[in-house]
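Enquirer: generate a structure from the sequence data that follows.
(one chain, ligands or ions: 2)
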Amino acid sequence: MGYAQLVIGPAGSGKSTYCSSLYQHCTAVGRRIDIVNLDPAAENFDYPVSVDIRELVNLDEVMEDFNLGPNGGLICCMEFLEENLDDWLAEELESFMDDDYLVFDCPGQIELFSHVPVLKNFVDHLKRKNFNVCAVYLLDSQFITDITKFISGCMACLSAMVQLELPHINILSKMDLVTNKKKLEDYLNPEPQVLLSELNQHMAPQFEKLNRALIELNPFVRSCRFNCFNRESRGLNLDHVMVHDGLPLEDVGIGGNYAPFQIFYKFFRSYLIFFLTRFKI
Ligand SMILES: Nc1nc2c(ncn2[C@@H]2O[C@H](COP(=O)(O)OP(=O)(O)OP(=O)(O)O)[C@@H](O)[C@H]2O)c(=O)[nH]1
Ligand SMILES: [Mg+2]
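Expert: Ligands and ions are numbered 1, 2, ... in the order given. Now for the predicted structure:
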């Protein structure tokens, strides 16, 4: 059985920097990891790249050939990767041993973990190849400067969790940039009622019912738990995020059973759509 970590999160959230810190950490403790670049648009790396999607597909050529912009081009590249899972990727993965630990540095297009099924199919492929996979979701610490930003960041995390159905670890990145550390605890393991009252304070009264429904959604509140990280890796023991090789994942994120999440998520989505159409927001 091999081990894999999918590093995801919005554009610029610090995924590649995190991969590089993880690489340095593992080198320092004498543990081997291999980093796979899955971002066809990436140019510079602070870590040695073991497998590179750019050897399979070239973003500039795709944009030119199909007359696409950078985001459309990237999705097209990822779909090409999906078509080549059984040959190109399978061949690349063959060289890794049973106990190897792979870290996938993913592109930041939010579509990839909201509704485009490419990453999900990619994960399923890894599982079929006997990899034990977890997702590490990075969210920029600027999301905690304001409760409404924080909630939208958490909803994006939840969307990735529900899509990928993987053991999931949330990490707030760039913690060195947080100036007001006083309220940090409130965000790392938030109390639902505190979130609710802050949301109500920051939003117009017509949102109160929606805010309550959101906070009462237990899985949603659970998705709001975060670890901290900055590029000097202070504040997060990086061993913690590699814990899924053998230890119970429930300790670090959400465990394997996603059925309740999906039911809640679907319920919440219909509630949101109903609310938005009913009140013409
Ligand atoms: N201050 C500070 N800046 C950081 C930290 N981590 C990353 N950055 C900066 O944030 C920017 C984006 O970092 P990347 O690691 O390239 O982010 P990414 O998520 O890989 O970006 P994409 O691949 O383009 O989606 C860079 O300028 C980094 O130097 C951190 O811990 N602290
Ligand atoms: Mg990157």
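
Enquirer: what segments of the stretch 51-200 of the chain are strands?
Expert: Using DSSP state E, counting those that start in this stretch, the strands assigned to the stretch 51-200 of the chain run over residues 101-105, 131-140, 168-173.

Enquirer: kindly confirm my reading that N44 is in a helix.
Expert: No - under the criterion used here (DSSP: H, G, I helix; E, B strand; the rest coil), N44 is coil, not part of a helix.

Enquirer: around ligand 2, which positions in the protein sit nearby?
Expert: For the chain, the contact set with ligand 2 under C-beta under 5 Å from the ion comprises 15-16. Backbone N, C-alpha and C define where each C-beta goes, glycine included.

Enquirer: quick check, the residue in the chain closest to ligand 1?
Expert: Each residue of the chain has a distance to ligand 1, by C-beta to the nearest ligand atom, and the smallest belongs to G108, at 2.7 Å.

Enquirer: next, the contact list for that residue, please.
Expert: 9-13, 15, 39 (C-beta atoms under 8 Å, 6 or more residues apart in numbering).

Enquirer: now do 10 Å
Expert: G108 makes contact with 8-16, 39, 41, 74, 138 under the criterion C-beta atoms under 10 Å, 6 or more residues apart in numbering.

Enquirer: taking those, please make a ChimeraX selection of just the buried ones.
Expert: Command for ChimeraX that selects the buried part of the contacts of G108, burial taken from 16 or more other C-beta atoms under 10 Å:
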select :8,9,10,13,14,15,16,39,41,74,138
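
Enquirer: tell me the residues of the stretch 1-150 of the chain that contact ligand 1?
Expert: Taking C-beta under 6 Å from any ligand atom as the criterion, the neighbours of ligand 1 within the stretch 1-150 of the chain are 9, 11-17, 39, 108.

Enquirer: what is the nearest of these to L93?
Expert: Within those, proximity to L93 (C-beta to C-beta) peaks at D39, which comes in at 17.9 Å.

Enquirer: what about the closest one, distance to N227?
Expert: Here the criterion is C-beta to C-beta, to the nearest Å. By it, D39 lies 23 Å from N227.

Enquirer: same deal with C134?
Expert: Per C-beta to C-beta, C134 is found 13 Å from N227.

Enquirer: what of M63?
Expert: Spatial separation of M63 from N227 under the definition C-beta to C-beta is 36 Å.

Enquirer: again with N121
Expert: Distance check for N121 against N227: by C-beta to C-beta, it reads 28 Å.

Enquirer: and the helices in the stretch 151-281 of the chain, which stretches?
Expert: Using DSSP state H, counting those that start in this stretch, the helices assigned to the stretch 151-281 of the chain run over residues 184-188, 192-202, 208-216, 218-223, 259-278.

Enquirer: which strands and helices lie in contact with the second one?
Expert: Spelled out, it's helix 192-202. helix 147-164, helix 184-188, helix 208-216, helix 218-223 (3 or more C-beta pairs under 10 Å, 6 or more residues apart in numbering; DSSP states H and E).

Enquirer: F80: which of those is closest?
Expert: Relative to F80, the nearest member of those by C-beta to C-beta is helix 147-164, separated by 20.0 Å.

Enquirer: returning to that earlier point: which of the contacts of G108 lies closest to R128?
Expert: Comparing the contacts of G108 against R128 with C-beta to C-beta places I8 closest, at 20.0 Å.

Enquirer: pick out the residue of the stretch 101-250 of the chain closest to ligand 2.
Expert: Among the residues of the stretch 101-250 of the chain, D105 lies closest to ligand 2, at 5.8 Å counting by C-beta to the ion.

Enquirer: brain fart, the chain
Expert: For the chain, the residue closest to ligand 2 is S16, as judged by C-beta to the ion, at 3.3 Å.

Enquirer: low pLDDT regions in this protein?
Expert: Under the criterion pLDDT under 70, the flagged ranges of the chain are 182, 218-219, 222-224, 232-281.

Enquirer: report the central residue of it.
Expert: Compute the mean C-alpha point of the chain, and by C-alpha atoms, centre = their mean the closest residue is Y137, 2.8 Å away.

Enquirer: just to check, that residue is in contact with I171?
Expert: Yes - counting by C-beta atoms under 10 Å, I171 is a contact partner of Y137 at 6.9 Å.

Enquirer: show the contacting residues for V57.
Expert: The contact partners of V57, by C-beta under 10 Å, 6+ apart, come to 40, 73-74, 76-81, 84, 88.

Enquirer: now do 6 Å
Expert: Contact analysis of V57 by C-beta atoms under 6 Å, 6 or more residues apart in numbering lists 40, 77, 80.
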